[in-house]
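> Pasted the sequence and its predicted model underneath.
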Amino acid sequence: MYNFEFKNPSTIADAVAALAGEDAQALGGGQTLIPTMKQRLASPATLVSLGGIPELKGVCVEDDGSIAIGAATTHATVAREVADKYPALADLAGHIGDPAVRNRGTIGGSLANNDPAACYPAAVLGSGAAVVTNARQIPADDYFQGMFTTALEEGEIITSVRFPVPQAASYQKFLQPASRFALVGVFLARFADGVRVAVTGASEDGVFRWTEAEQALNKEFRPDALMDLRVNPMNMIGDLHGSKEYRAHLVGVMTRRAVQACI
Amino acid sequence: MPKDSGIGASSKRREDVRFLTGAGNYTDDINIRGQAYVYFLRSDIAHGRIKSIDTSAAESMPGVVRVFTGKDFEGVGGMPCGWEVTDKHGAPMQEPPHPILAQGKVRHVGDPIAAVVADSLEQARDAAEAIDVDIEELPAVLDMKAAAEEGAPLVHDDLKNNICYDWQLGEADDDKVNEVFSNAAHVTTLELVNNRLVANPMEPRVAVAEYSRGTDEYTLYTTSQNPHVIRLLMCAFVLGLPEHKVRVVAPDVGGGFGTKIFHYAEEAFCTFAAKACNRPVKWTASRSEAFMSDAQGRDHVSKIELALDADNNFVGLRTHTYANLGAYLSTFSSSVPTWLHGTLMAGNYKTPVIQVNVRAMFTNTVPVDAYRGAGRPEATYQLERVIDKAARELGVDPVALRRQNFITQFPYDTPVALTYDTGDYNGTMDKLEQAADFAGFPARRAESEARGKLRGLGVNCYIEACGIAPSNIVGMLGARAGLYDAATVRVNATGSISVMVGAHSHGQGHETAFPQVVADMIGIDESMIEIVHGDTSKIPFGMGTYGSRSLAVCGSAMVKATEKVIAKAKKIAAHLLEASEADIELKDGQFTVAGTDKSVAWGDVTLTAYVPHNFPLEVEPGLEETAFYDPANFTFPAGAYACEVEVDPETGQVTIERFTAADDFGNIINPMIVDGQVHGGIGQGIGQALLENCVYDENGQLLSASFMDYAMPRADDVPFYTVDHSSQTPCTHNPLGVKGCGEAGAIGSPPAVVNAVIDALQSGGKAVDHIDMPVSPSRVWAAMNS
Ligand SMILES: Cc1cc2nc3c(=O)[nH]c(=O)nc-3n(C[C@H](O)[C@H](O)[C@H](O)COP(=O)(O)OP(=O)(O)OC[C@H]3O[C@@H](n4cnc5c(N)ncnc54)[C@H](O)[C@@H]3O)c2cc1C
């Protein structure tokens, strides 16, 4: 690790100001950023911790019934606090990494990082949530822009995420055996106005919506409705843990299992 | 009634008190006043020619003490190989130099190019980044078969090719072997890969060295399984130091699994640099460094053929194996695919004709050496997979086919150079059938099928040659070391005992099990005995711990030394009791005169030995004896394992539902420790079978270079094991009748897992007869759908 300045602001405004400095970077739970720095693959001049900002923490229910989760809220807190409000989301948060990761890692950090195998992106896209930043509100469909790429501007920080609550939802995660990130993860949410299916872990373009599956399920909400659908393996990730074809196949299996879990 | 102390008791591991309370003293816990830190600049290229190294900028960086490159080690010996294998034509193996820091070429990703010694680790790293290395990249040699071809790029320019040796064991007459195969009623052939593994002990390697100008003495603290071996190799072959001026200490070591047997360049470097810099020097490997510098395991590609007659008797066995040695010869690397592998190809079966062919290859990968089981898992896996395949092809019960071909008469001379002293393979299989509840399997399968899962039962046997090893035999086979061990039993005046042993405990529980033996022999409480190990300045010259040898070899030395102590104590007791020495008996810590009620306690005799006021004049005072023990033969633990898996036919995911081990380890000193050893071994075997895989890409970059991509088994990957070691045929040639249990689990479990997966898939109508390890979900799915 190289030396760096450490700032610990207590308001969003101070954090944003600090991030305007040269080579400054936000620090969430540090579960991704700190290992990268230890390996000397990242060398920010200043780390601006978001962990000391009360406005960024916690879970609340908005007037429209949606759930707002502060960006600096840890996975463990989400798992605990949304368990009765949005069980599928709590289940997802409760199965990220191990207890140490869940007690440090944050939803904001996960979404800013947008690892193609991360879990939260599937929940956000699958729920049609909104990513709220210090400057604006970004619909999920616009937020994710490919592996490790998002709509966030330089210096922009996520402040919260707003999840509409579906009638039923399920996250089906097939583990990559080593990292236990998602080899393929499918988040399916059923709303009054339709079904959303978001897939993580599988695509070289990062998290994506499987629109064919959504259409089929909007017609008929049962696993068999997907039997004839195939994801094109071409854009899938192929690596030592699974070929493109295998991932494409798993997308189908996990989606059917998600449907089954919602019935 | 289970015993509560002494031999056969499950005494709780006393060392765990310090390990579990954070009071252990590991090498990285050792910090010496004024120490400097080493950072190794390692190659990120698999194969290349070093054109220039410019260290001038690095040398002037803050905190830098000195920067070393290969130049500083010209004239210093390289890392030695401890075993010279003779090829099938009688020529010695090709043995390239293995420099401490790269000279001329880099040969694998992780090969150290330069080393920076600085006041802090971060300063050393900063300076390493300022070293300018110009390397001309060369094509990397990775595929073993391609590497063997004429005209393949050479890993070592001075060798004639990349083949370390072409070795053969067993029947040398090809015609005779061919005849057996052409006359056979059935031949089963299988090609398989024994996947490369990274040992990944929890504690990475560490070395701390200091040098005293005042006394010209060196001390090296290192994460080793065998401090005397390190001292000998480093002094005699690498640095040319007088042994008596060098102390090597291996304190608490957090797991070894073989990869901490070897003498590593970093150890020699730190020792050298401590004098050169006149400062204590410390190196602690990061986990990433461990992935690219700890010797790795396995990595064989084999073809095995089994010939059977019309009655399903095994009549011939032939194997052709390519064994990857990596870029350099690690300390015992050459012996693993040969004498620790070929000799085990008979397994538990009376196959009359066996021919084993092994071609060992240099490639641009991390060196490969012994990993838990070392050669024996590779042999067992091939043999037990091909037998299973044969049973399926012939439509016979795999257990019955094995039983039919078991060796039943002992001693048994195999066609591949070993003499099994004892065993009862049918008896052990009986125990397995009971413990694994074979009878209940159909019902369990039906229950799985009702849930849409395929269930399979896999069974296999194993045998291993442990208690390594008779020095005269291994010397004949090329070992450059003896493989005896040693123990000193030092009785203190008040009767407590320190036993200094050559074996090293790094998880095996010697500190608990060894005292159980001595306590029983004398009849005193275990707590009066302490085991001292891991420090060349305290212990007699022993060869350390590997090959399930500690109790069988070092324990035997300890028994002999204890016998000498008792014999001398009896002389003293006889004097005190005014009786004839021949009439003295020792029981429950009391010396008595046979047929009388005269007695003297252990503590009174020991006190007399050190306060010899009333003492036999012809006897020396004191009570301390040393014994060396060189075994007469290997020991042959054997067993039968059963694994039950469920396969999810939609995803290919395999889960282990039951795992049962029936082992014959001969006599058992501490059943709980034996259970633990078997559990750990099976865990690693399941890791190899389902999860672990060390993979290089076509440029020699390590793809599985961290735990994000290298899948270690976790607690929820393994089931609760059933372990039965009640089948016991004591070893016939060591005083305790023990065989060793450290590697069995890792040797016996991979074929059981794979056999079970194949059984499951075939039960579901899938025409799959082999899947290479790791049997990952993606591989199972691909096999089901091809
Ligand atoms: C062993 C292990 C296992 C894991 N397993 C999983 C898993 O199964 N599934 C999964 O989804 N993830 C997994 N993770 C990742 C984990 O969820 C991390 O917590 C997450 O990826 C990053 O969150 P963080 O809060 O630690 O962010 P940090 O590491 O602190 O930051 C990550 C990036 O986000 C930026 N950032 C942080 N917060 C904000 C913000 N509010 N606004 C803008 N930018 C911000 C940082 O500048 C940095 O670039 C695992 C991690 C580890 C170490």
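On my side now, so go ahead.

> alpha carbons only for contacts and neighbour counts from here, please
Fine.

> mind listing what the spatially closest residue to B:L142 that is not a sequence neighbour touches?
Leaving aside its sequence neighbours, B:L142 sits nearest to B:T363 (C-alpha to C-alpha, 6 or more residues apart in numbering or on different chains; 5.3 Å). Contacts for B:T363 (C-alpha atoms under 8 Å, 6 or more residues apart in numbering or on different chains) come out as B:140-144, B:147, B:155, B:162, B:324-327.

> got the domain boundaries for chain A?
As given by automatic domain parsing, the domain ranges for chain A are A:5-49, A:54-163, A:168-262.

> mind checking how far the first one is from the chain centre?
This points to domain A:5-49. Centroid separation between domain A:5-49 and its chain, computed with C-alpha atoms, centre = their mean, to the nearest Å, is 20 Å.

> quick one: is that domain near the ligand?
Yes: residues of domain A:5-49 contacting the ligand under C-alpha under 6 Å from any ligand atom: A:25-33.

> So in chain A, which strand runs the longest?
strand A:182-191 (DSSP state E).

> One more: chain B?
Chain B, longest strand under DSSP E: strand B:314-326.

> how deep is residue 78 tucked in, by neighbour count?
Chain wasn't specified; assuming chain A. 24 (other C-alpha atoms under 10 Å in any protein chain shown).

> other chain: chain B
20.

> Just the pLDDT for it.
Reported pLDDT at B:G78 in the predicted model: 93.

> so who does A:S49 touch?
Applying C-alpha under 8 Å, 6+ apart to A:S49 gives the contacts A:6-9, A:15, A:26-28.

> so of the residues you listed, which ones are in helices?
A:A15 (DSSP state H).

> Among the contacts of A:S49, name the buried ones.
A:7-9, A:15, A:26-28 (16 or more other C-alpha atoms under 10 Å in any protein chain shown).

> about what we covered before: ok, then the element right after the longest strand of chain B?
strand B:353-362 (DSSP states H and E).

> what's in contact with the helix or strand that comes right after that following strand?
Using DSSP H and E, the next helix or strand after strand B:353-362 towards the C-terminus is helix B:376-394. For helix B:376-394, the external contacting residues (C-alpha under 8 Å, 6+ apart) are B:187-190, B:192, B:194, B:298, B:300, B:302, B:304-306, B:340-342, B:344-345, B:347, B:397-398, B:401-402, B:460-465, B:746-748, B:750-751, B:754-755, B:769.

> Pull out the buried residues from helix B:376-394.
Buried-residue list, helix B:376-394, by 16+ other C-alpha under 10 Å: B:376-392.

> the inter-axis angle of it versus strand B:314-326?
140 degrees (axes from the mean of the first three to the mean of the last three C-alpha atoms, to 10 degrees).

> how far is helix B:376-394 from where the chain is centred?
Distance, centroid of helix B:376-394 to centroid of chain: 23 Å (C-alpha atoms, centre = their mean).

> do the same with stretch B:535-542
The answer for stretch B:535-542 is 21 Å, by C-alpha atoms, centre = their mean.

> Where do the helices of chain A begin and end?
With DSSP H as the criterion, chain A has helices spanning A:12-19, A:33-38, A:75-81, A:87-94, A:99-104, A:107-113, A:120-127, A:140-143, A:211-219, A:244-262.

> and those helices, which is most packed in?
When you average the neighbours per residue for each of the helices of chain A (mean count of other C-alpha atoms under 10 Å in any protein chain shown), helix A:120-127 leads with a mean of 28.

> by how many degrees do that helix and helix A:87-94 diverge?
Using the same axes, to 10 degrees, helix A:120-127 lies at 170 degrees relative to helix A:87-94.

> As JSON lines, the contacts of B:T363 with neighbour count and pLDDT would be great.
JSON lines is the format used below for the contacts of B:T363 (neighbours: other C-alpha atoms under 10 Å in any protein chain shown; pLDDT from 0 to 100):
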{"residue": "B:A140", "neighbour count": "24", "pLDDT": "97"}
{"residue": "B:V141", "neighbour count": "28", "pLDDT": "97"}
{"residue": "B:L142", "neighbour count": "23", "pLDDT": "97"}
{"residue": "B:D143", "neighbour count": "14", "pLDDT": "96"}
{"residue": "B:M144", "neighbour count": "23", "pLDDT": "97"}
{"residue": "B:A147", "neighbour count": "21", "pLDDT": "97"}
{"residue": "B:V155", "neighbour count": "31", "pLDDT": "98"}
{"residue": "B:N162", "neighbour count": "25", "pLDDT": "98"}
{"residue": "B:N324", "neighbour count": "31", "pLDDT": "98"}
{"residue": "B:L325", "neighbour count": "31", "pLDDT": "98"}
{"residue": "B:G326", "neighbour count": "27", "pLDDT": "98"}
{"residue": "B:A327", "neighbour count": "28", "pLDDT": "98"}
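
> want to throw those into a markdown table with distance to B:D72?
Below are the contacts of B:T363 laid out as a markdown table (distance: C-alpha to C-alpha, whole Å):
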| residue | distance to B:D72 |
| --- | --- |
| B:A140 | 27 |
| B:V141 | 28 |
| B:L142 | 30 |
| B:D143 | 33 |
| B:M144 | 33 |
| B:A147 | 32 |
| B:V155 | 23 |
| B:N162 | 28 |
| B:N324 | 30 |
| B:L325 | 27 |
| B:G326 | 25 |
| B:A327 | 22 |
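
> What parts of the stretch 101-250 of chain A come near the ligand?
So far as C-alpha under 6 Å from any ligand atom goes, the stretch 101-250 of chain A lies against the ligand at A:101, A:105-106, A:108-110, A:112-113, A:118-120, A:157-159, A:180-181.
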